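J.: Sequence and predicted structure, then a few things I'm wondering about:
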Amino acid sequence: MNYFLTEEQEMIKELAARIADEKIAPVALEYDHEGKFPHDIMQYLAQSDLCGVYIEEKYGGLGGGVFEMALVVEELSRACGGIALAFAGTGLGAFPIILFGSEDQKQKYLPDIASGKKLAAFGLTEADAGSDAAGIRTTAVLDGDSYVLNGTKQWITNGGEADIYTVVACTNRSKGARGFSAFIVEKGTPGFSFGKKEDKMGIRASCTRELIFEDCRIPKENLLAREGMGFIVAMKTLDRTRPGVAAQALGIATGAFNAALKYSRERVQFGQTISSFQAVQHMLADMAIQIEASRCLVYQTCRHVDSGAKDISKESAMAKVMASDTAMKVTVDAVQIMGGYGYMREYPVEKMMRDAKITQIYEGTNQIQRNVIALELIKQASKV
Amino acid sequence: MNVIVCVKQVPGTNEVKMNKETNTIIRESAEAIINPFDEYAIEEGVRIKENTDGSVTVLSMGIPQVADLLRETIAVGVDNAVLLSDKAFAGADSLATAYALSMGVKKIGKYDLIICGKQATDGDTAQVGPSLAEKLGIPHTTYVRKIEQITENYIRCQRMTEDGYEVIEMPLPAVITVVKEINEPRLPSIKGKLKAKKTEVMVYNADDIGADKNLCGLKGSPTQVVKTFVPEHEISGEIIEGTSREQAQKLVQKLMSMQFMTCK
């Protein structure tokens, strides 16, 4: 289907697709099995100017937005959803600076992210603060010209591999959600260390670790926006990165579908290819319908977000739910079509099925997304 | 340092289909790409430019559509693209091609090094690079797998051989042809692609480069292709056993009995 991408968007998509096919696909299984972080793949993205597609030109980026980021994530995820996350997780860490950073903060951090020299990460989740972000225990206390951070962030994508972390901590317990603030913390800051690398079901080429703050002193100017804005920073960031998760899911689904379609035309049973059986044909048709419908919603949501629209939570949540539920269903069906081969670890769909699951969970579970959507619907209806 | 890289448009190797009756490539069906070995030549040229300051110019001879392929090379760091295109160039063999390219090189003017891929994947002759050097009256080295050193006056490079490599030093300007071991070609960049869109490919005809049309194209080509065919593989061989000395003796006897060797 023609999505009427601009010439530059076409270029971005093509180049990301080339990196996916030539550089990622040949190593995806190896990186998954060994849990290898894709620094080398990030170098290819950097050389091709793709690291900064969503960053303003004056900070060394290409001046695109969420859509450009999503196009790259989708293409990379077609080959490996885990490797794509080194790029997407950096976007998640960078958006708080893009949206709320001061001019000085942007000049200091964005050019290195745009050039691919540094990766970023976002630290919100804690052991007792998942869907309920208000449960954050990490504290930041102002002491002279510094904030002193204490606490532990959990399951942080790019943890340990990234150089720049945007972290949400509590600066005033009595104010509840309005008592949170967001900070930029650089790797190597004394008192900032990392926990063990998590052993995950999928996205195993992505690195997930704890961020541990023990009397970690950061300069006062690393505060993003103002004290008390942490929750807003997190929510506005997630509104813009959920289409990225949706794009990751879309890419995984597309990769699995392509593998299943190819296999169905090669696998012969009862003297004919299994693609000639209506049972398989209908599965393929349903998979394609769901993928294309998801792509429509994801792309249009990206355009809506990039247009500068204010109300984007509902749309962004819808795109994430739709694409991730599709990815789960399509990857399960791809394994089914490929039968025993689909279940084997030496074929890619087994991995895609494991990778798909996380897209229903992180950056807000699909249950929380449905809450967001429903509350927004009710809010809008009550205004009429 | 100014580098000229000669490139050729060839049919994409994944797409090649043969006409079984005529045993020729069905060119219409194949997507056109830059000869894969030339990609290594381009990368090496761009690296030299980056390390020494200067420029890289790609040069090709072909149909007008080749300009689009040449423009793509801008996206990987090439500065200028020159295409020699004229009906007079059509049907050129490697000699006539080398002549036309040599005239193109003279038209471009100042250069320190010319790099070619070791051969083209369609013709596989590996002759154009050396022929070009002869036409220009400059030295050449083929199968270069590494440039050890390059200065304003000379180049020292490793030339791949069947059982190792030779180190060759030549004065500049010179021609080298490169093998795929020399580097890993970079991917294009978005900024490069945007620049490529705006770059104009210089197109010259035979008169522009002062070429003698009798030496160009079919007229200038002593090679006549009478017939092409896919060779039949007859696997037959004989393994000579024994110690090294015995093997050598048996081999010599064999070669003499077949009159490949005579004993004086």
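T.: Everything's here; your move. In this text, all values refer to a predicted model and were calculated from it rather than measured experimentally. Numbers count the residues shown, from 1 in each chain, chains lettered A, B, ... in the order given.
J.: Now residue A:96: closest residue in space, sequence neighbours ignored.
T.: Nearest residue to residue A:96, sequence neighbours excluded (C-beta to C-beta, 6 or more residues apart in numbering or on different chains): residue A:166, at 4.2 Å. In this view, the C-beta of every residue, glycine as well, is placed from N, C-alpha and C.
J.: C-alpha coordinates for the helix or strand that contains the one you found, PDB please?
T.: Take DSSP states H and E as the rule and residue A:166 turns out to sit in strand A:164-170. This file holds the C-alpha atoms of strand A:164-170, laid out as PDB (Å, rounded to 0.1, in the frame of the first residue of the first chain):
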ATOM      1  CA  ILE A 164      23.100   9.300  29.000                       C
ATOM      2  CA  TYR A 165      20.200   8.400  31.300                       C
ATOM      3  CA  THR A 166      17.100  10.300  32.000                       C
ATOM      4  CA  VAL A 167      15.800   9.300  35.300                       C
ATOM      5  CA  VAL A 168      12.600  10.100  37.300                       C
ATOM      6  CA  ALA A 169      13.000  10.500  41.100                       C
ATOM      7  CA  CYS A 170      11.000  11.800  44.000                       C
END
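J.: That strand packs against which elements?
T.: Counting contacts by 3 or more C-beta pairs under 8 Å, 6 or more residues apart in numbering or on different chains; DSSP states H and E, strand A:164-170 is packed against helix A:81-100, helix A:103-114, strand A:120-123, strand A:139-143, strand A:146-157, strand A:180-186, strand A:208-219, helix A:230-266.
J.: follow-up on the earlier one: so the residue nearest to residue A:96 touches residue A:120, yeah?
T.: Yes. With contact defined as C-beta atoms under 8 Å, residue A:166 counts as touching residue A:120 (7.1 Å).
J.: Overlap in contacts, the two.
T.: Common neighbours of residue A:166 and residue A:120 (criterion: C-beta atoms under 8 Å, 6 or more residues apart in numbering or on different chains): A:93, A:94, A:97.
J.: rewinding a little: Throw the helices and strands packed on strand A:164-170 into CSV and include distance to residue B:105 and mean neighbour count, thanks.
T.: Rendered in CSV, the data for the helices and strands packed on strand A:164-170 read as follows (distance: least, C-beta to C-beta, whole Å; neighbours: other C-beta atoms under 10 Å in any protein chain shown):
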stretch, distance to residue B:105, mean neighbour count
helix A:81-100, 43, 27
helix A:103-114, 39, 18
strand A:120-123, 48, 28
strand A:139-143, 66, 17
strand A:146-157, 53, 22
strand A:180-186, 52, 24
strand A:208-219, 56, 20
helix A:230-266, 46, 25
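J.: Take the ones you listed and write them to a markdown table, including distance to residue A:302 and mean pLDDT.
T.: Shown next, in a markdown table, are the helices and strands packed on strand A:164-170 (distance: least, C-beta to C-beta, whole Å; pLDDT from 0 to 100):
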| stretch | distance to residue A:302 | mean pLDDT |
| --- | --- | --- |
| helix A:81-100 | 12 | 97 |
| helix A:103-114 | 19 | 98 |
| strand A:120-123 | 19 | 97 |
| strand A:139-143 | 33 | 96 |
| strand A:146-157 | 20 | 97 |
| strand A:180-186 | 24 | 97 |
| strand A:208-219 | 26 | 97 |
| helix A:230-266 | 5 | 97 |
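J.: Tell me which residue of the stretch 1-150 of chain B lies closest to chain A.
T.: residue B:75 (9.2 Å; C-beta to the nearest C-beta).
J.: roughly how far apart are the closest residue to chain B within the stretch 251-384 of chain A and residue A:305?
T.: Residue nearest to chain B within the stretch 251-384 of chain A: residue A:262 (15.7 Å; C-beta to the nearest C-beta). Using C-beta to C-beta, to the nearest Å, we find residue A:262 at a distance of 34 Å from residue A:305.
J.: Name the residues of chain B found near chain A, please.
T.: Those residues of chain B that sit near chain A, judged by C-beta under 8 Å from any C-beta of the partner chain, are B:186, B:187, B:188, B:189, B:190, B:191, B:192, B:193, B:194.
J.: The strand holding residue A:166: which residues count as buried?
T.: Residues A:164, A:165, A:166, A:167, A:168, A:169, A:170 are the ones in strand A:164-170 that count as buried (16 or more other C-beta atoms under 10 Å in any protein chain shown).
J.: what packs against the longest strand seen in chain B?
T.: Counting by DSSP state E, the longest strand found in chain B is strand B:140-150. Helices and strands touching strand B:140-150, by 3+ C-beta pairs under 8 Å, 6+ apart, are helix B:36-52, helix B:128-136, strand B:154-161, strand B:164-171, strand B:174-178.
J.: Take these and lay them out in CSV including mean pLDDT, distance to residue A:36 and mean neighbour count.
T.: Converted to CSV, the helices and strands packed on strand B:140-150 look like this (pLDDT from 0 to 100; distance: least, C-beta to C-beta, whole Å; neighbours: other C-beta atoms under 10 Å in any protein chain shown):
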stretch, mean pLDDT, distance to residue A:36, mean neighbour count
helix B:36-52, 94, 26, 21
helix B:128-136, 92, 40, 22
strand B:154-161, 94, 32, 18
strand B:164-171, 94, 33, 13
strand B:174-178, 94, 31, 27
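J.: Where does pLDDT dip in chain B?
T.: B:13-30, B:264 (pLDDT under 70).
J.: Tell me where it has helices.
T.: B:36-52, B:66-74, B:94-108, B:128-136, B:190-198, B:244-257 (DSSP state H).
J.: Run the angle between the helix or strand where residue A:283 lies and helix A:230-266 for me.
T.: Residue A:283 belongs to helix A:278-306 when assigned by DSSP H and E. Put simply, helix A:278-306 runs at 150 degrees to helix A:230-266, going by axes from the mean of the first three to the mean of the last three C-alpha atoms, to 10 degrees.
J.: Can you name every helix or strand that helix A:278-306 contacts?
T.: Secondary-structure packing of helix A:278-306 (3+ C-beta pairs under 8 Å, 6+ apart): helix A:66-79, helix A:230-266, helix A:313-343.
J.: Okay, buried residues for that helix please.
T.: Across helix A:278-306, burial judged by 16+ other C-beta under 10 Å covers A:280, A:283-284, A:287, A:290-291, A:294-295, A:297-299, A:301-306.
J.: And for stretch A:118-137?
T.: A:118-126, A:129-130, A:133, A:136.
J.: Taking these, tell me the two that lie furthest apart.
T.: For the buried residues of stretch A:118-137, the maximum inter-member distance is 27.4 Å, found between A:118 and A:130 (C-beta to C-beta).
J.: dump the residue contacts of residue 103.
T.: This is for chain A. When contacts are counted by C-beta under 8 Å, 6+ apart, residue A:103 touches no other residue.
J.: meant chain B, my bad for not saying
T.: When contacts are counted by C-beta under 8 Å, 6+ apart, residue B:103 touches B:84, B:209, B:210, B:211.
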